[in-house]
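Enquirer: below is the structure, and that's it, no one-letter string:
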């Protein structure tokens with residue numbers, strides 16, 4: 001699942017990723033813009049996804065990403081991996097990894113590299 005949490009409405013990158021994931025053979029759900037962490041966690045559980053990719057360009061990643069992980073854990077879905085991407089300063093990486101984000105991809109990351117990371121690190125839950 002690809003999701004755009006918060007008020008950030010710039011979703012071109014998320015749509016490009018969703019299309020690349022689909023073209024790579026993954027089943028993809030794109031939630032659209034302006035989703036709350038609660039909406040994202042509920043959709044991830046309802047759709048029984050293996051991974052949630054969060055995209056944030058607004059600077060709110062320090063709240064939105066950990067909150068999504070927290071909600072998944074609280075609902076017993078901590079086996080759903082969460083990765084993040086967008087405009088994320090390198091000094092925030094450690095904080096996000098400590099909060100349970102499995103990988104962070106910033107502008108310039110190759111689509112092939114992201115897809116390879118998913119194929120190598122995400123084990124289907126079903």
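Expert: Okay, I see it. Everything quoted here is computed from the prediction, not taken from an experiment.

Enquirer: what ranges does the protein have for its helices?
Expert: For the chain, helices defined by DSSP state H occupy the ranges 12-23, 37-47, 61-74, 93-98, 111-121.

Enquirer: quick check: mean pLDDT of stretch 118-126?
Expert: For stretch 118-126, mean pLDDT rounds to 89.

Enquirer: can you pull the buried residues of it?
Expert: Residues of stretch 118-126 classed as buried under the neighbour-count rule (16 or more other Cβ atoms under 10 Å) are 118, 122. From N, CA and C alone the C-beta is placed, and that goes for glycine too.

Enquirer: ok, stretch 108-117 next?
Expert: Using 16+ other Cβ under 10 Å as the burial criterion, the residues of stretch 108-117 that qualify are 114, 115.

Enquirer: rewinding a little: tabulate the helices of the chain (JSON lines), appending distance to residue 104.
Expert: Putting those into JSON lines (distance: least, Cβ to Cβ, whole Å) gives the following:
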{"stretch": "helix 12-23", "distance to residue 104": "14"}
{"stretch": "helix 37-47", "distance to residue 104": "17"}
{"stretch": "helix 61-74", "distance to residue 104": "9"}
{"stretch": "helix 93-98", "distance to residue 104": "6"}
{"stretch": "helix 111-121", "distance to residue 104": "11"}
